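>>> Just the structure for this:
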Amino acid sequence: MPYVEVGSPTETFRHWGFGGRQRCSGVGDDGGGFGENLRFYFLFFALCLLPCRSFAEASHSAEAAHYLSKAIAAYDAEDYGAAKTELALALEREPNFAEAYILKGLLLNHDGQADEARAAFKHAVDLNPRLPEKMREHLEQQAHEVEQNLTEEDFSHFHLQFHGADQRAEAWEAVKYLDDAYNYLGSQFGIFPPEKITVIIFSTEEFWDAWNAPMWLGGFFDKRDGKVRVRIDNPPGGNDEMQRRLRHEFTHAFIHQLYPNDLPMWFQEGVAQYYAYANPSDSFWKDTRLEELRKTTQGAPWMDMAKIQDIIAKKNAPPGYIYLAYLESEALALYVAKEHGESWVPSLLEHLRSGSNFEDAFKQAVGVTPAAAMEQLRQSWE
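Below you'll find the predicted structure:
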């Protein structure tokens with residue numbers, strides 16, 4: 001699961017034009033003041049792969065793929081006129097070139113034609129329903145090729161992979177933070193992961209090269225291979241921010257080893273953020289962080305549990321809503337810990353491991369349903 005970094009959150013919400021707190025059980029195309037629906041997040045990243053070894057070449061003419069590659073290069077260089085010219089040549093040669101319609105959507109969106117952009121994205125998937133899956137597979141294949149040539153080193157609780165001697169110092173620094181998180185969570189849960197956790201360390205540039213990750217993504221945990229991938233750089237928040245980044249992703253890996261079944265997205269991300277910010281030396285850290293979240297989200301719409309789940313899982317909403325879903329998830333995890341005690345997460349996991357479903361386990365641990373807890377949080381902030 002990703003660790004999201006966003007600067008100036010209060011200004012972000014003001015910029016996106018929220019007028020006041022409201023309930024939100026659905027995100028429409030107008031997005032409550034967010035502007036255009038940027039539902040093509042991951043498609044944009046995948047487009048960067050097309051100039052080299054494009055999977056488009058397998059099903060379309062080399063000439064059309066060549067023009068599309070030139071169009072993408074022009075788009076990356078912000079030469080939008082040239083991008084449109086090259087794109088037109090690609091579509092002239094291959095009128096049903098699904099990948100080309102993604103770039104067309106990006107260009108239309110840049111021109112402020114949101115409805116036409118959405119139509120282009122829809123047409124791309126209509127032409128090739130497996131397009132998103134193919135892009136993801138291609139992205140992952142390239143990333144795993146990059147990861148094959150890493151230096152590996154074993155530590156007490158972690159198996160680290162990094163790029164040689166240049167990153168050895170950063171790797172050791174990361175282990176220090178990871179060990180702190182390991183000991184803290186283990187003491188909270190009264191249990192430790194049964195297996196070592198693999199952590200792959202990247203610089204910002206390497207993270208981009210391997211995963212075409214956006215700059216706001218600090219790292220992610222992939223439950224399919226059980227590995228944490230994180231970039232080690234100099235974030236605006238300094239060492240504190242780096243520690244939170246590592247603790248967030250480690251929390252995902254820790255909980256997955258204890259309970260490998262699916263969990264609601266709000267719980268996964270909210271709890272990871274909760275433990276990322278946890279500060280046992282400060283008795284009031286939960287109050288302080290909750291107040292920060294209240295001020296940050298002031299004027300933004302409330303989302304119900306189903307909408308938060310959908311947005312975090314699919315990333316199919318405008319960027320402000322994605323950010324808001326993470327913040328409200330964290331706020332709920334914090335609020336429950338503040339009102340019902342820090343043991344609620346270990347208790348819930350115990351009920352899950354004993355066979356309860358999530359809704360029942362939450363109610364057994366907290367005394368109310370997740371929806372009722374969210375409503376209590378909402379009322380406390382009014």
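
>>> hang on, Gly219 packs against Glu249?
Yes: counting by CB atoms under 8 Å, Gly219 touches Glu249, with 4.8 Å between them. For the C-beta atoms, the positions are set from N, CA and C on the backbone; glycine is no exception.

>>> in the host helix or strand of His256, what counts as buried?
Here His256 sits within helix 238-258, counting by DSSP states H and E. Across helix 238-258, burial judged by 16 or more other CB atoms under 10 Å covers 241-258.

>>> For this structure, spot the helix or strand the model is least confident about on average.
helix 41-47 (a mean of 38; mean pLDDT, DSSP states H and E).

>>> Tabulate the CA atom coordinates of the helix or strand following that one in CSV.
Remark: after helix 41-47, the chain's next helix or strand is helix 62-76, criterion DSSP H and E. Extracted in CSV, the C-alpha atoms of helix 62-76 (Å, rounded to 0.1, in the frame of the first residue of the first chain):
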residue,chain,number,x,y,z
ALA,A,62,5.6,-0.4,-36.1
GLU,A,63,5.0,2.9,-37.9
ALA,A,64,2.0,3.8,-35.7
ALA,A,65,3.9,2.8,-32.6
HIS,A,66,6.8,5.0,-33.8
TYR,A,67,4.6,8.1,-34.1
LEU,A,68,2.9,7.4,-30.8
SER,A,69,6.4,7.2,-29.1
LYS,A,70,7.3,10.5,-30.7
ALA,A,71,4.0,12.0,-29.5
ILE,A,72,4.6,10.8,-25.9
ALA,A,73,8.1,12.3,-26.0
ALA,A,74,6.7,15.6,-27.1
TYR,A,75,4.1,15.4,-24.4
ASP,A,76,6.8,14.8,-21.8
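
>>> What helices and strands are in contact with helix 62-76?
On a contact count with 3 or more CB pairs under 8 Å, 6 or more residues apart in numbering; DSSP states H and E, helix 62-76 meets helix 80-93, helix 98-110.

>>> Go through the ones you listed and find the least confident stretch.
Looking at the helices and strands packed on helix 62-76, the lowest mean pLDDT belongs to helix 98-110 (a mean of 85).

>>> by contact count, what packs against it?
Against helix 98-110 (3+ CB pairs under 8 Å, 6+ apart) you get helix 41-47, helix 62-76, helix 80-93, helix 114-127, helix 131-147.

>>> So, low pLDDT: which residues of the protein?
1-60, 130-140, 142-143, 146, 165, 209, 212-216, 235-237, 316-319 (pLDDT under 70).

>>> Domain boundaries for it, per the record?
38-111, 151-381 (automatic domain parsing).

>>> how long is stretch 182-196 end to end?
11 Å (CA to CA, to the nearest Å).

>>> in that stretch, what's buried?
Tyr182, Tyr184, Leu185, Gln188, Phe189, Ile191, Pro193.

>>> go on, stretch 289-305?
Neighbour counts over stretch 289-305 (16+ other CB under 10 Å) mark 289-290, 292-293, 296-297, 299-305 as buried.

>>> Among those residues, which are located in helices?
Applying DSSP state H to the buried residues of stretch 289-305, the entries found in helices are Arg289, Leu290, Glu292, Leu293, Thr296, Thr297, Met305.

>>> now those residues as a markdown table including distance to Thr369?
Below are these laid out as a markdown table (distance: CB to CB, whole Å):
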| residue | distance to Thr369 |
| --- | --- |
| Arg289 | 24 |
| Leu290 | 20 |
| Glu292 | 26 |
| Leu293 | 21 |
| Thr296 | 26 |
| Thr297 | 22 |
| Met305 | 9 |
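
>>> which pair in the residues you listed spans the largest distance?
Spatial extent of those (CB to CB) is set by the pair Glu292 and Met305 at 22.3 Å.

>>> Pretty sure Leu160 sits against Phe202.
No: look at Leu160 against Phe202 with CB under 8 Å: they stay out of range, at 11.7 Å.

>>> Need the residues touching each of those two.
Here Leu160 and Phe202 have no joint contacts, going by CB atoms under 8 Å, 6 or more residues apart in numbering.

>>> sorry, back to before: out of the helices and strands packed on helix 62-76, flag the one nearest Ile311.
helix 98-110 (19.2 Å).

>>> any idea of the angle that closest one forms with helix 62-76?
30 degrees (axes from the mean of the first three to the mean of the last three CA atoms, to 10 degrees).

>>> tell me which residues in helix 98-110 are buried?
Neighbour-count burial for helix 98-110, counted by 16+ other CB under 10 Å, picks out Ala98, Glu99, Ala100, Tyr101, Ile102, Leu103, Lys104, Gly105, Leu106, Leu107, Leu108, Asn109.

>>> Out of those residues, the closest to Leu324 would be?
Among the buried residues of helix 98-110, Asn109 lies closest to Leu324 (CB to CB), at 20.8 Å.

>>> where's that closest one relative to Ala119, distance?
Note on Asn109: its distance to Ala119, by CB to CB, to the nearest Å, is 11 Å.

>>> what's the answer for Tyr259, then?
In terms of CB to CB, Tyr259 sits 42 Å off from Ala119.

>>> Save the helices and strands packed on helix 62-76 as TSV, and put in distance to Ala313 too.
Compiled in TSV, those are given as follows (distance: least, CB to CB, whole Å):
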stretch	distance to Ala313
helix 80-93	31
helix 98-110	21
